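Participant: compute the structure for the input listed below.
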Amino acid sequence: GGLFTDWHTVPGWIEMGFPVVAVGKDGGFTISKPPGTGGLVTPATVAEQMLYEIQDPGAYHVPDVACDWTQVTMTQEAPDV
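Facilitator: Numbering: from 1, shown residues only. You can find the predicted model right below:
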């Protein structure tokens with residue numbers, strides 16, 4: 001990812017890596033990007049994008065589901081993971 005409030009701190013705009021999500025059976029997931037690519041994957045970039053997409057974490061409604069995202073936690077496992 002690269003577009004977030006502190007965009008000027010994001011390295012590698014020319015070779016920006018696309019996010020990759022690995023989802024576990026328990027619903028947990030890990031977000032990363034291909035090694036050697038530009039961009040930044042941190043709890044801040046992921047949280048900002050998530051809030052942009054869902055808008056209201058307590059009342060996310062789409063045609064086939066309603067979710068409450070207020071208990072989501074994010075941790076940095078490694079650089080860009």
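Participant: for the protein, what spans make up the helices?
Facilitator: Taking DSSP state H as the criterion, the chain contains helices spanning 43-54.
Participant: and the strands in it?
Facilitator: 20-23, 29-32, 60-62, 65-67 (DSSP state E).
Participant: would you mind finding the most buried of those strands?
Facilitator: When neighbours are counted by mean count of other C-beta atoms under 10 Å, the highest per-stretch mean among these falls to strand 29-32, a mean of 15. Where C-beta positions appear, they are placed from N, C-alpha and C, glycine not excepted.
Participant: from residue 14, how far out is the residue lying closest to residue 12 once chain neighbours are set aside?
Facilitator: Spatial nearest neighbour of residue 12, chain neighbours left out: residue 38 (1.8 Å); criterion: C-beta to C-beta, 6 or more residues apart in numbering. Distance, residue 38 to residue 14, by C-beta to C-beta, to the nearest Å: 7 Å.
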